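**Q** mind looking at a prediction? Sequence and model below.
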Amino acid sequence: MTTPNTSSFTNSSAQYRCKFNEDFKYILLPAGYGLVFVVGLVLNITAMYVILFRIKHWSPNTIYMINLTVCDTLYILTLPFLVYYYADKNMWPFSEAFCKLIRFLFYTNLYGSILFLSCISIHRFLGICHPVRSMQWVSARRARLVSVGVWATVLVFQAPVLYFSRTRNAGNELVCHDTTSEELFNHFLVYSSVVSFLFFVLPFLVVLVCNGLMVQKLLEPDSVGGPTSQRSKKKSVKMIIIVLLTFMLCFLPFHLTRSLYYCFRHLQVSCGLLEGSSIAYKVTRPLASVNSCIDPILYFMAGQGFRRSMTKKVRQGQRIEKAKSLSTAL
């Protein structure tokens, strides 16, 4: 039941005028984050071990993969603090500086993961759709430069989180803001909207386009190859579909419900509507974390097969180009 809390914050936004029954989040968020922490940590450490100690020559895909694994691991390492915080019913036991750090690391590595997923999709797109020309564009050195650029960009754009994140005494609670304090919320809304557009909407469009073109290319009839080639194509198509579904199920609901909740707070809508958007946002928050468990399975396990497929296509393309050159010369 939602009731106005008129005894305090009389001139505040709807978030502070309304009192929500959010007991569900004290079970949902610790359970969700706790499960992701255990499963995701094991999978990502395993993937990191194999990449560091079992792969001798790093391809561009491997470089993006190790950066993605680092992002996911650092993201996962912030979850135990949030598990403790929500299990203790919004009682932050640490300092405000540590609250800022946890929120900063949480979002930095979340958006770092999205960007490196986009880099991997672009790399796979070039290898499948432009196997010969991509040899001039794709190299381990360029992948390292792109990775450095991704880290620098994410760190710069997430730095404001260190300013916006605050702690606040709220009755018997010491809240570590996921957003910011009341007086800074309008500024935070602008910042959050820009970050969501640059680091989710644009990468999501890139992933959709790249994977869509890859499916189209893989489904084209190919005179070269036999049953093995066809099975490999079908497997690649299935994996691309899983990538798109994962992106849409993990990141899209989180960003949609968060944006809706923030807008409703800004517009000071009715308490019932605001509570509904708040519940939807909190339900989708663990979904964004699940991606950290899927990444090492989806990309690393398919890495060797993808490299073999890409090498085969490159060699095939080189033979075709060579045959064309010979025919022209004759």
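**A** The structure has been received and is ready for your questions.
**Q** distance of the residue nearest in space to the middle of the chain from Asp23?
**A** Most central in the chain under CA atoms, centre = their mean is Ile114, positioned 3.5 Å from the mean C-alpha point. Distance from Ile114 to Asp23, counting by CB to CB, to the nearest Å: 31 Å. Every C-beta, even on glycine, is put in place using the N, C-alpha and C of the backbone.
**Q** just checking, what packs against the helix or strand harbouring Gly272?
**A** Taking DSSP states H and E as the definition, Gly272 sits inside helix 271-295. Here helix 271-295 is seen to pack against helix 14-17, strand 18-19, helix 25-54, helix 60-87, helix 96-129, helix 227-250, helix 252-267 when contacts are counted using 3 or more CB pairs under 8 Å, 6 or more residues apart in numbering; DSSP states H and E.
**Q** CSV for the ones you listed, including distance to Ser181 and mean pLDDT?
**A** Shown next, in CSV, are these (distance: least, CB to CB, whole Å; pLDDT from 0 to 100):
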stretch, distance to Ser181, mean pLDDT
helix 14-17, 10, 53
strand 18-19, 17, 76
helix 25-54, 20, 92
helix 60-87, 17, 93
helix 96-129, 11, 91
helix 227-250, 29, 76
helix 252-267, 13, 94
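**Q** not counting sequence-adjacent ones, nearest residue to the residue nearest to the centre of the chain?
**A** Pro203 (5.2 Å; CB to CB, 6 or more residues apart in numbering).
**Q** isn't that neighbour right up against Leu117?
**A** Yes: assessed by CB atoms under 8 Å, Pro203 is found in contact with Leu117 at 7.4 Å.
**Q** count the neighbours of Lys238 for me.
**A** Neighbour count for Lys238, taken as other CB atoms under 10 Å: 10.
**Q** how far away is it from Ser118?
**A** 20 Å.
**Q** what residues of stretch 230-248 count as buried?
**A** The neighbour-count check on stretch 230-248 (16 or more other CB atoms under 10 Å) flags Ser232, Lys233, Ser236, Val237, Met239, Ile240, Val243, Leu244, Thr246, Phe247 as buried.
**Q** again but with stretch 51-58, I slipped
**A** For stretch 51-58, using 16+ other CB under 10 Å, the buried residues are Ile51, Ile55, Trp58.
**Q** count of neighbours near Trp92?
**A** 20.
**Q** once you drop chain neighbours, what's closest to Cys250?
**A** Asn291 (4.1 Å).
**Q** ok, now which ones touch the one you found?
**A** Applying CB atoms under 8 Å, 6 or more residues apart in numbering, we find Asn291 in contact with Asp72, Ser113, Thr246, Cys250, Phe251.
**Q** how does it look with 7 Å?
**A** Listed by CB atoms under 7 Å, 6 or more residues apart in numbering, the contact set of Asn291 reads Ser113, Thr246, Cys250, Phe251.
**Q** how many neighbours does Ile27 have?
**A** By other CB under 10 Å, neighbour count at Ile27 equals 11.
**Q** hang on, the earlier thing: thinking the residue nearest to the centre of the chain is in contact with Cys250, fair?
**A** No: counting by CB atoms under 7 Å, Ile114 stays clear of Cys250, with 9.6 Å between them.
**Q** looks to me like Asn169 is in a strand.
**A** Yes: looking at Asn169 with DSSP: H, G, I helix; E, B strand; the rest coil, it is inside a strand.
**Q** who's the closest residue to it other than its chain neighbours bridged to?
**A** Take Asn169 and drop its neighbours on the chain: the residue closest to it by CB to CB, 6+ apart is Val175, 7.8 Å away. With DSSP bridges as the criterion, Val175 is bridged to Arg168.
**Q** distance check, Asn67 against Asn109.
**A** To Asn109, Asn67 is 11 Å away according to CB to CB.
**Q** try Ile102
**A** 11 Å.
**Q** and Arg258, by the same measure?
**A** The value you get for Arg258 to Asn109, if CB to CB is used, is 17 Å.
**Q** and Ser259, by the same measure?
**A** Distance from Ser259 to Asn109, counting by CB to CB: 20 Å.
**Q** more crowded one of the two?
**A** Asn109 (22 against 18).
**Q** now for that one: which residues touch it?
**A** Taking CB under 7 Å, 6+ apart as the definition, contacts of Asn109 comprise Cys71, Leu74, Tyr75.
**Q** same deal with Leu43?
**A** The contact partners of Leu43, by CB under 7 Å, 6+ apart, come to Cys293, Pro296, Ile297.
**Q** run a quick neighbour tally on the second one.
**A** Okay, so that is Pro296. For Pro296, the count of nearby residues is 24 (other CB under 10 Å).
**Q** for the nearest residue to it once chain neighbours are set aside, the count of nearby residues, please.
**A** Nearest non-adjacent residue to Pro296, counting by CB to CB, 6+ apart: Ala47, 3.8 Å away. Neighbours of Ala47 under the rule other CB under 10 Å: 23.
**Q** look up how far Lys235 lies from Ala47.
**A** Plainly put, Ala47 is 20 Å away from Lys235 if you go by CB to CB.
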